[in-house]
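A.B. asks: all I have is the shape, not the residue letters:
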């Protein structure tokens, strides 16, 4: 079985198990404020790390290329409070322009 | 289900349609990172949790192992479990209905339900089910559209998709940055993940950043 299938099936099974467990366990187990706080912070750390890795790396190397221009435009779009589709599209257009012309 | 209020329908529908845009981005990013159209659609049907799905394709795309990808996605899926804890006593469903409720327990359905809390328990339940099913429909439809489009593109870099993926992550994390602590954590995580990239196997720098979140969260 390919790595893609293992990832697809494994992620799906655990995702559903997590959702169902929430509907099955007593509420007071998870009421601690520290747990709520960590739960809000984990997505920030993981998604930010993903932004960094997907922008600046190629396998195990740091790489600066057309992607940085695209993501920089995404930052500007977000600072201007652009909606999500505009953020992604403006980033893709910038990156594609640089990739194709240089 | 008794008569559903117009405001609940409007909220649910606008959320469901907006999320569709993310579905296109996911489908396209998934194919750009090497997943097939079928695998991309199965991720949306079965995992049905945007951040987790983006994480699994992101880690594999960065050259990580299946285990790293599943672990990253699952860490992001933990919050759906916490939403379930909030929603279960309000939905009061059992058996097969509870399994369906669990599957559609995500950011959007929980948010619309909690937003309708002031209008009473019925509005809350309506908001949850309508948004859950609405997002499920549009998310899966648009995933297919995005995946097929990316497949038709050939070299996805020439279309800027390799930049659209981190831009999409950025768009997901941006609204979560509410204060300086959040912003410091975001920047710290980027620096940490990049510093660890030459040292750790691909994928691990991303999961390891969760420990920074735990360390920050342990301080009151």
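C.D. replies: Okay, I see it. In this text, all values refer to a predicted model and were calculated from it rather than measured experimentally.

A.B. asks: list the buried ones in stretch A:94-102?
C.D. replies: A:94-96, A:98-99 (16 or more other C-beta atoms under 10 Å in any protein chain shown). All C-beta atoms are positioned from the backbone trio N, CA, C, and that covers glycine.

A.B. asks: give me the residues contacting that stretch.
C.D. replies: A:66-67, A:69-70, A:72-73, B:157-160, B:162-164 (C-beta atoms under 8 Å, 6 or more residues apart in numbering or on different chains).

A.B. asks: ok, the closest residue to chain A within chain B - how many residues close by?
C.D. replies: Proximity of chain B to chain A (C-beta to the nearest C-beta) peaks at residue B:84, 2.2 Å away. Using other C-beta atoms under 10 Å in any protein chain shown, residue B:84 has 25 neighbouring residues.

A.B. asks: do the one 4 residues further on as well
C.D. replies: The criterion is other C-beta under 10 Å. On that basis, residue B:88 has 20 neighbouring residues.

A.B. asks: quick one: residues contacting it.
C.D. replies: Shown in contact with residue B:88 (C-beta under 8 Å, 6+ apart): A:22-24, A:27, B:98, B:101.

A.B. asks: go with 10 Å
C.D. replies: By C-beta atoms under 10 Å, 6 or more residues apart in numbering or on different chains, residue B:88 lies in contact with A:22-27, B:98, B:101-102, B:105.

A.B. asks: what helix or strand is it on?
C.D. replies: helix B:66-91 (DSSP states H and E).

A.B. asks: continuing past that helix, what's the next helix or strand?
C.D. replies: Using DSSP H and E, the first helix or strand after helix B:66-91 is helix B:95-103.

A.B. asks: residues making contact with that next one?
C.D. replies: Residues from elsewhere that reach helix B:95-103 (C-beta under 10 Å, 6+ apart): A:15-24, B:45-49, B:80-81, B:83-84, B:87-88, B:91-94, B:109, B:125, B:128-129, B:132-133, B:136.

A.B. asks: pull up the per-residue confidence for residue B:1.
C.D. replies: pLDDT, residue B:1: 48.

A.B. asks: count of residues packed around the closest residue to residue A:84 other than its chain neighbours?
C.D. replies: If the residues on either side of it in the chain are set aside, residue A:84 comes closest to residue B:171, at 4.8 Å by C-beta to C-beta, 6 or more residues apart in numbering or on different chains. Residues contacting residue B:171 under the criterion other C-beta under 10 Å number 26.

A.B. asks: next one: residue B:189
C.D. replies: 29.

A.B. asks: what do you get for residue B:144?
C.D. replies: For residue B:144, using other C-beta under 10 Å, the count is 17.

A.B. asks: next, the buried residues of the strand or helix carrying it.
C.D. replies: Following DSSP H and E, one finds residue B:144 within helix B:121-153. Neighbour counts over helix B:121-153 (16+ other C-beta under 10 Å) mark B:123-132, B:134-136, B:138-144, B:146-151, B:153 as buried.
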